[in-house]
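>>> Sequence plus the predicted model coming up.
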Protein chains: 2
Amino acid sequence: MAEITIVEIAKRCGVGVSTVSRALNNHTDINPETKKRIMEVIKETGYIPNNSARNLKRTDAKCIAVLVKGITNPFFTPMIEIAEAEAEERKYALVLRHVEAYEDEVDVALELEKEKRLRGIIFMGGSSKHSSHKLKQLNVPVVFATVGSDISEKLSKNSYSTVSVDDKLESRKMTEYLIGLGHKRIAILSEGSDKPSIVKQRLEGYVEALEANGIKVDEKLIRYVDRRIYSMENGYKTTKALIDSGEEFTALYCISDVLAVGALRAFADAGIRVPEDVSVAGFDGQDISRFCVPRLTTLRQPLEDISRETMKLIFNIIDEESGHKHIVFPGELIVGESTAKR
Amino acid sequence: MAEITIVEIAKRCGVGVSTVSRALNNHTDINPETKKRIMEVIKETGYIPNNSARNLKRTDAKCIAVLVKGITNPFFTPMIEIAEAEAEERKYALVLRHVEAYEDEVDVALELEKEKRLRGIIFMGGSSKHSSHKLKQLNVPVVFATVGSDISEKLSKNSYSTVSVDDKLESRKMTEYLIGLGHKRIAILSEGSDKPSIVKQRLEGYVEALEANGIKVDEKLIRYVDRRIYSMENGYKTTKALIDSGEEFTALYCISDVLAVGALRAFADAGIRVPEDVSVAGFDGQDISRFCVPRLTTLRQPLEDISRETMKLIFNIIDEESGHKHIVFPGELIVGESTAKR
């Protein structure tokens, strides 16, 4: 019984592993009859899904650590679910670690490395610049997912992998979409941290787009939230301050969907109509962007693809079938109801 | 340097430990000047905040396990943040474990118990009924938080603790609020699982309220989402099916705010105005309830108080200063913009 794997279940049902994973994780994008059949086969075979606690039993199970900056952020949910299913398929245990905003994720990784069974480390989120000195101390393969592609100035790109979108390019794309709608006074909600990060890259993309289109960058339209970009409260407060300042603007680009939801509420409270009076855009393509009123125009990151590729890559590196790589996925501009022509 | 604790930082700043915790966790409900002073003192003293990875160093650190059903659910974020701060203060390590929907959380706990340093287990979320046989095998104190108060039929209430709201009572309160507005055809979005849980209790509260007010329970107005009650997609689909069914109703009560957000979107798509044409109510009091348009009428659970009391209780039991207790907090009905008189 203990030998049944998710791959075996998939074979018996005539479906892919990801379909079995969707059934187990109770996703909605699965045919109810397929799901029913899968759950029956699982019951018949006595298959026990993977989880870290159960894996403690098999003391010889190799493991992969996933360090998530802000694990309570729903942004990473689809990525973690896929990572779990892929690890399961390879009979690896997945160790999930929460890294607080004030912690250095590489410090946490150095501690985790004392774990003897560790074969690889995946960083999700967090800073995009790290000390080469510290990174060099890590003795297992490292992949950065959704962090950017240029992690350390002094370290060879052959010594670590990255899988992500090009945040600067995608942010430029969104800004140029707004410019294409006729907007010239485009405000932005970004983050005030001075650490290099995807947040900084998104801000740079915004500046590049304006400059390339001959629009003067107005510092008064660049607004910084208080560190956390996944806080509706921060989006609300910062937008309210922007409105109260009396600065003129016809569009507001928020570098996360969560900030944009707070912005929508601030405009509603001020009696400003979206998109009639002001256009609002987000970034990420999270669930909330499809369900808020109005639906958000956003830049969707293909998180499922990024996670799947990250897992494939780290196993290939562990098995010495591949060297380190830097993979960039394109984002997708999704036009919602929150933006309109100027 | 290593001896500096969060308590010491709080003393030096003349503030409470929770204020220091808020500063570290970058909460918004803190005076910016206080926060600045705290961060300066932290920098001066070289204080290093607690985290599980660092705690691996101190092999003698006692630990508390927190088992969270659906850790990626933002519902538990404020509870986990407080649990971390309180554990830090007591120099305990906090081990956070993710329990999938299809896993039995007590099975996971039994595995975790092999960890020698474990002194107590906290369950957040999950089923409200467990096998007495399995629970008896746990050798450390157990506290159930936000799970209900009656966990096992066969087990003495002196052998485990619970901290929560009375889900049935609070749900009845919300339903009676809607009845008080003149609504008689009140639909509900609940969950189809047959496992006893807070979800079932909320449904019972709804039924009780209707019956107590002489309103016939109409099965056609009780709609079940496909297991996950923290999915906007589920709220959307189930509400759309309710609208399409042609059943008459003037109010929709969703047993989570997340479902209610999906419901709001479904009504918007159908051209049905909230609250003019239909009233919508949620449950939980999550962030999104304050930022969606219209703001949700909801039943706020005091999650911070529940978490703080849970930690206090488990340490008192570990130190043998208290026996097991069953603590019930009142919820708070928050009237938003999504409900109106019939």
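Right, received. Where do you want to start?
>>> in chain A, which spans are strands?
Listed in chain order, the strands of chain A (DSSP state E) span A:63-69, A:93-99, A:118-124, A:142-145, A:161-165, A:186-191, A:222-225, A:251-254, A:279-281, A:298-300, A:326-329, A:332-334.
>>> Now the weakest link among those strands, please, by mean pLDDT.
For these, the bottom mean pLDDT is recorded on strand A:93-99, which sits at a mean of 77.
>>> Can I get it in CSV? Just the C-alpha atoms.
As requested, C-alpha coordinates have been extracted for strand A:93-99 and formatted as CSV (Å, rounded to 0.1, in the frame of the first residue of the first chain):
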residue,chain,number,x,y,z
ALA,A,93,9.7,15.8,1.3
LEU,A,94,8.9,19.5,1.0
VAL,A,95,9.9,21.7,3.9
LEU,A,96,8.0,24.9,3.9
ARG,A,97,9.5,27.9,5.9
HIS,A,98,8.0,31.2,6.7
VAL,A,99,10.4,34.1,6.4
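>>> Give me every residue in the stretch 201-342 of chain A that's in contact range of chain B.
Taking CB under 8 Å from any CB of the partner chain as the criterion, the stretch 201-342 of chain A approaches chain B at residues A:226-228, A:231-234, A:236-237, A:261-262, A:264-265, A:268, A:287-288, A:290-293, A:295. (Glycine included, C-beta is placed from N, CA and C.)
>>> So, low pLDDT: which residues of chain A?
Scanning chain A for pLDDT under 70 picks out the ranges A:1-5, A:25-29, A:46-61, A:70-74, A:100-102, A:115-116, A:194.
>>> mind giving me the domain split of it?
As assigned by automatic domain parsing, chain A contains the domains A:1-49, A:50-165+A:304-330, A:167-300.
>>> quick one, which of those domains is packed in tightest?
Between the domains of chain A, domain A:167-300 has the highest mean count of neighbours, a mean of 21, where neighbours are mean count of other CB atoms under 10 Å in any protein chain shown.
>>> So for that domain, first residue to last residue, what's the gap.
Domain A:167-300 stretches 11 Å from its first residue to its last (CA to CA, to the nearest Å).
>>> Same check on stretch A:159-172?
The first and last residues of stretch A:159-172 sit 29 Å apart, counting by CA to CA.
>>> now that stretch, how far from the chain's geometric center?
For stretch A:159-172, the gap between its own C-alpha mean and the chain's C-alpha mean amounts to 11 Å (CA atoms, centre = their mean, to the nearest Å).
>>> For the closest residue to residue A:235 other than its chain neighbours, give its distance to residue A:268.
Here the nearest residue to residue A:235 in space, its sequence neighbours aside, is residue A:262; by CB to CB, 6 or more residues apart in numbering or on different chains that works out to 2.5 Å. Here the criterion is CB to CB, to the nearest Å. By it, residue A:262 lies 11 Å from residue A:268.
>>> hang on, the earlier thing: looking at the domains of chain A, which is nearest to residue B:213?
domain A:167-300 (31.6 Å; CB to CB).
>>> check contacts around residue A:69.
Taking CB atoms under 8 Å, 6 or more residues apart in numbering or on different chains as the criterion, residue A:69 is in contact with A:99, A:101, A:105, A:123-126.
>>> Can you tell me which of these is nearest residue B:79?
residue A:101 (17.7 Å).
>>> circling back: now render the domains of chain A as a markdown table, adding distance to residue B:176.
Converted to a markdown table, the domains of chain A look like this (distance: least, CB to CB, whole Å):
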| stretch | distance to residue B:176 |
| --- | --- |
| domain A:1-49 | 32 |
| domain A:50-165+A:304-330 | 32 |
| domain A:167-300 | 28 |
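>>> Nearest approach to residue B:222 belongs to which of these?
Taking CB to CB as the criterion, domain A:1-49 is the member of the domains of chain A that comes nearest to residue B:222, at 19.7 Å.
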